[in-house]
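Asker: any chance you could fold what I've pasted below:
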Amino acid sequence: MALLSACVSAPPPLPSPGSAPIRFLLSFDDGPSGSEGLNPTRQILDALSDNPIQPGIKALFFIQTRAPYAGGSAQGQALLRRQQKNGHLLGFHSATPRHSNHRFLSPAELEQSLRHGVADLSAVSGKPPRLVRPPFWNYDQRTFAAYQAHGLHLLLTDLSANDGKTWGINGSLRRRSSLREQLALIATQIQAGRMPVVEGVIPVIVTFHDLNTYTARHMQEYLQILLDVAVDVGLATDAKPFYDQRRPLERAALKRSLSDPLQYARLPGIWNWLWN
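Answerer: Presented below is the predicted three-dimensional model:
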């Protein structure tokens, strides 16, 4: 029996009883989809609006404003308007024709991309975006300073569905176990008092990609998985486990944004190893 217990990993430490509940802040990268057929962004918006867990969920969408397969398409523009009208929050991802790494752009190219992106999103929402997530999660002191010059705050993530690939086999057999492992790490951060409480809840950032058709088809399932893995790791969720208003969502995201380009930030998947 002693040998068996030594081989079984101990469960993660539970948050202290006085900890605030968590609330999942859903974010989506790379869209909106320009597909004229079965559009994954539209499917995701439908699922967030109408689901059995919490109807009316609001999310943060990081937009490729000028990619011809995303925000640069007529379909993408229509979905941007729908996202704004439905109370979601728009953030900046890129304003280049492709999903270009900001660090590999020249200063002039990066400046042009930021000016275009801010103008594009301002035209939809009526005010400049305040949040940015760089493509491939990659940034440095130069790009960070450029974001700040345009009033943009850099937001990374706590959990990732690792669904950025949109071709071939784009599902994941480990989506539940992977999200559980990631959330267990967040539980240790909460236990250590390292996660901020914002308006009575601890925002936990979750990242998906709304160009991924598998994600779109399984969005409601993902919502349930998030609730399930919170129970698994001993984290209490708020009575409203997901954000349902744009302004509180934005305040939470700003609170979780990076204030210093040299601040250590754990990146999802292989990116931590690749860029660091």
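Asker: give me the mean pLDDT for stretch 73-82.
Answerer: Here stretch 73-82 scores 97 as its mean pLDDT.
Asker: just the C-alphas of it, formatted as CSV.
Answerer: Output in CSV follows, covering the C-alpha atoms of stretch 73-82 (Å, rounded to 0.1, in the frame of the first residue of the first chain):
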residue,chain,number,x,y,z
SER,A,73,-13.8,39.9,-45.9
ALA,A,74,-17.4,41.0,-46.3
GLN,A,75,-18.5,38.1,-44.1
GLY,A,76,-15.9,39.0,-41.5
GLN,A,77,-17.0,42.6,-41.5
ALA,A,78,-20.7,41.6,-40.9
LEU,A,79,-19.6,39.3,-38.0
LEU,A,80,-17.6,42.2,-36.5
ARG,A,81,-20.7,44.3,-36.5
ARG,A,82,-22.6,41.4,-34.9
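Asker: contacts for it next, please.
Answerer: 31-36, 39, 41-42, 45, 63, 67, 69-71, 90, 124 (Cβ atoms under 8 Å, 6 or more residues apart in numbering). From N, CA and C alone the C-beta is placed, and that goes for glycine too.
Asker: filter the residues you listed down to the buried ones, PyMOL style.
Answerer: Only the buried entries of the contacts of stretch 73-82 go into this PyMOL selection, using 16 or more other Cβ atoms under 10 Å:
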select buried, resi 31+32+33+34+35+39+41+42+45+63+67+69+70+71+90+124
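Asker: among the contacts of stretch 73-82, name the ones in helices.
Answerer: 41, 42, 45, 124 (DSSP state H).
Asker: ok, these vs residue 242, which is closest?
Answerer: Taking Cβ to Cβ as the measure, residue 242 lies nearest residue 45 of the ones in helices among the contacts of stretch 73-82, at 14.0 Å.
Asker: list of residues touching stretch 34-45?
Answerer: 28, 31-33, 67-70, 72-76, 79, 82-83, 86, 88, 208, 210-213, 215-217, 219.
Asker: do that again at 6 Å, thanks
Answerer: The contact list for stretch 34-45 (Cβ atoms under 6 Å, 6 or more residues apart in numbering) reads 31-33, 69-70, 73, 75-76, 79, 210, 213, 216, 219.
Asker: quick check: end-to-end length of that stretch?
Answerer: 14 Å (Cα to Cα, to the nearest Å).
Asker: ok, residue 72 touching residue 66?
Answerer: Yes. With contact defined as Cβ atoms under 6 Å, residue 72 counts as touching residue 66 (4.4 Å).
Asker: for residue 209, grab phi and psi.
Answerer: phi -130, psi 120 (degrees, to the nearest 10).
Asker: run a quick neighbour tally on it.
Answerer: Residue 209 has 24 neighbouring residues, counting by other Cβ atoms under 10 Å.
Asker: bridged to it, which residues?
Answerer: For residue 209, the beta-bridge partners under DSSP bridges are residue 29.
Asker: picking up where we left off before, now, the contacts of stretch 73-82 that are in strands?
Answerer: Counting by DSSP state E, the contacts of stretch 73-82 place 63, 90 in strands.
Asker: what ranges do the helices span in the stretch 51-200 of the chain?
Answerer: 74-85, 107-125, 141-149, 175-191 (DSSP state H, counting those that start in this stretch).
Asker: and the two most separated of the contacts of stretch 34-45?
Answerer: Top of the distance list for the contacts of stretch 34-45 (Cβ to Cβ): 73 and 219, 21.5 Å.
Asker: between these two, point out the one with more neighbours.
Answerer: Neighbour comparison, residue 73 and residue 219: the larger count goes to residue 219, with 22 against 18 (by other Cβ under 10 Å).
Asker: quick check: pLDDT value at the more buried one.
Answerer: On the pLDDT scale, residue 219 gets 96.
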